[in-house]
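Student: this one's structure only:
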């Protein structure tokens, strides 16, 4: 894509979100960078990534923030790994493991069949350790107090494909193509449950949002350098 210089109309930036950063951390860093460059503007992101996930995050600035809703509707593709034979409360590495089960009986055929069986349309509840809202608070705020909200509102999601790319038990590596709003942690938990041994999301990397690919993204630092020095970086045009 051609270089798109910052202007009053704003821009879209493709960023590779680092591990342990929240999506808001990235937004705040870029917003402050625009301020340092004396080009103060609104900044938002198009689809949250959890702190334990890395990969493609699309940021919008200036008037382009009005177009965020359209980008949030796009399908997403993830690569990652699920650890079988154990679970966590958060369904990822944020919380401690529990409930260890034997996986000695699992075969490649069983694992691939369980993944294939999850392809399709589902009603999915957001996990307790998520940024979804409930009665004016984020669910993770309730979770950190030891509260469990049973009546979490489920949403329809679609798993377009669930490809097992490598099996090195207890780890199963995958590529997932899903609709907007899908929680990969919940899919990992459901996958482990379907196999009868439990499982959780051990790693996750978003590699695509609609037509935009991770290999076109820049690091946070490269994006900062671009804004401060107006050097080239990846931006989305015509969205």
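Tutor: Received, thanks. Predicted, not measured: the structure shown is a model, and the values here were computed from it.
Student: what comes into contact with stretch 31-46?
Tutor: The contact list for stretch 31-46 (Cβ atoms under 8 Å, 6 or more residues apart in numbering) reads 6, 10, 12, 23-24, 26-27, 30, 57-62, 65, 68, 71-72, 209, 223-224, 227-228. Backbone N, C-alpha and C define where each C-beta goes, glycine included.
Student: what mean pLDDT would you report for stretch 125-136?
Tutor: For stretch 125-136, the mean per-residue pLDDT is 63.
Student: Whichever strand in the chain runs longest packs against which elements?
Tutor: In the chain, assigned by DSSP state E, the strand with the most residues is strand 155-168. Packing partners of strand 155-168 (3 or more Cβ pairs under 8 Å, 6 or more residues apart in numbering; DSSP states H and E): helix 108-117, strand 120-124, strand 171-178.
Student: Dump those to a markdown table, plus distance to residue 162.
Tutor: Converted to a markdown table, the helices and strands packed on strand 155-168 look like this (distance: least, Cβ to Cβ, whole Å):
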| stretch | distance to residue 162 |
| --- | --- |
| helix 108-117 | 4 |
| strand 120-124 | 10 |
| strand 171-178 | 6 |
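Student: Deepest in the core, which of these is it.
Tutor: Most buried of those, by mean neighbour count (mean count of other Cβ atoms under 10 Å): strand 171-178, with a mean of 20.
Student: Tell me the strands beside it, with direction?
Tutor: As defined by DSSP bridges, the strand partners of strand 171-178 come to strand 76-84 (antiparallel), strand 155-168 (antiparallel).
Student: Let me see the ranges of the strands in the chain.
Tutor: For the chain, strands defined by DSSP E occupy the ranges 12-17, 43-45, 53-61, 76-84, 87-88, 97-98, 120-124, 133-134, 137-138, 155-168, 171-178, 199-209, 212-213, 235-236.
Student: export these to JSON lines and tack on distance to residue 110?
Tutor: JSON lines is the format used below for those (distance: least, Cβ to Cβ, whole Å):
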{"stretch": "strand 12-17", "distance to residue 110": "34"}
{"stretch": "strand 43-45", "distance to residue 110": "38"}
{"stretch": "strand 53-61", "distance to residue 110": "27"}
{"stretch": "strand 76-84", "distance to residue 110": "11"}
{"stretch": "strand 87-88", "distance to residue 110": "18"}
{"stretch": "strand 97-98", "distance to residue 110": "22"}
{"stretch": "strand 120-124", "distance to residue 110": "19"}
{"stretch": "strand 133-134", "distance to residue 110": "36"}
{"stretch": "strand 137-138", "distance to residue 110": "37"}
{"stretch": "strand 155-168", "distance to residue 110": "10"}
{"stretch": "strand 171-178", "distance to residue 110": "11"}
{"stretch": "strand 199-209", "distance to residue 110": "13"}
{"stretch": "strand 212-213", "distance to residue 110": "32"}
{"stretch": "strand 235-236", "distance to residue 110": "41"}
